[in-house]
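> Attaching a predicted model along with its sequence, questions to come.
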Amino acid sequence: MKTSARNQFAGEIVQLTHGAVNDEVTLRTADGLDIVAIITHGSAKTLGLAVGKQAFALVKASSVIVMVDVSKDQVSARNCIAGTVTAVTTGAVNSEVTIGAGSAQIAAIVTNESVERLGLAVGQAATGIFKASSVIVGVES
């Protein structure tokens with residue numbers, strides 16, 4: 001699989017809650033990281049999603065918010081990956097910030113102003129946060 005999404009997580013569906021319009025999908029990576037997605041019921045059906053099925057989750061780096069000094073209990077987003085900043089690549093306007101959490105990594109695109117304001121630097125604790133509705137779920141065909 002090749003995609004432009006910076007954040008790609010492969011794993012197994014461990015929970016699937018069906019709704020009339022949307023379904024909630026929880027995908028667990030081999031590292032034990034849970035990624036929660038909200039997708040349409042029709043998409044879940046078309047993909048043949050079921051507990052135990054292998055799947056992948058994609059999240060664009062521009063959909064990830066970076067916070068410091070926060071716990072997952074303080075935000076409404078379902079996906080909070082806490083770790084340590086492993087890289088900051090600065091551009092003219094925006095920077096790419098990579099957060100490592102065990103063997104998992106999450107990349108975020110944030111403004112240079114936010115990097116400075118938050119004091120984001122390699123080795124600093126940070127959390128990558130994204131909504132379940134920002135997750136794209138796929139399966140191998």
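Nice, I can see it. Numbering: from 1, shown residues only.

> Dump the C-alpha coordinates for the helix or strand hosting residue 85 into CSV.
According to DSSP states H and E, residue 85 maps onto strand 79-90. The C-alpha trace of strand 79-90 is given here as CSV (Å, rounded to 0.1, in the frame of the first residue of the first chain):
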residue,chain,number,x,y,z
ASN,A,79,-7.2,9.4,19.7
CYS,A,80,-4.4,10.7,21.9
ILE,A,81,-0.9,9.4,21.3
ALA,A,82,1.4,10.6,24.1
GLY,A,83,5.1,10.3,23.6
THR,A,84,8.3,12.2,23.0
VAL,A,85,9.1,14.6,20.1
THR,A,86,11.6,12.7,17.9
ALA,A,87,12.0,15.2,15.1
VAL,A,88,11.1,18.8,14.1
THR,A,89,11.5,19.7,10.4
THR,A,90,11.0,23.4,10.0
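
> so what does the following helix or strand past it touch, helix or strand wise?
Of the helices and strands lying after strand 79-90 in sequence (DSSP H and E), the nearest is strand 94-101. For strand 94-101, the elements it packs on are strand 79-90, strand 104-111, helix 112-118, strand 125-130, judged by 3 or more CB pairs under 8 Å, 6 or more residues apart in numbering; DSSP states H and E. C-betas here are computed from N, CA, C, even on glycine.

> quick one on the thing from earlier: each with direction, which strands does the strand holding residue 85 pair with?
strand 94-101 (antiparallel), strand 125-130 (antiparallel) (DSSP bridges).

> just those strands: most buried one?
strand 125-130 (a mean of 23; mean count of other CB atoms under 10 Å).

> angle of that strand against strand 104-111?
On the basis of axes from the mean of the first three to the mean of the last three CA atoms, to 10 degrees, strand 125-130 is oriented at 80 degrees to strand 104-111.
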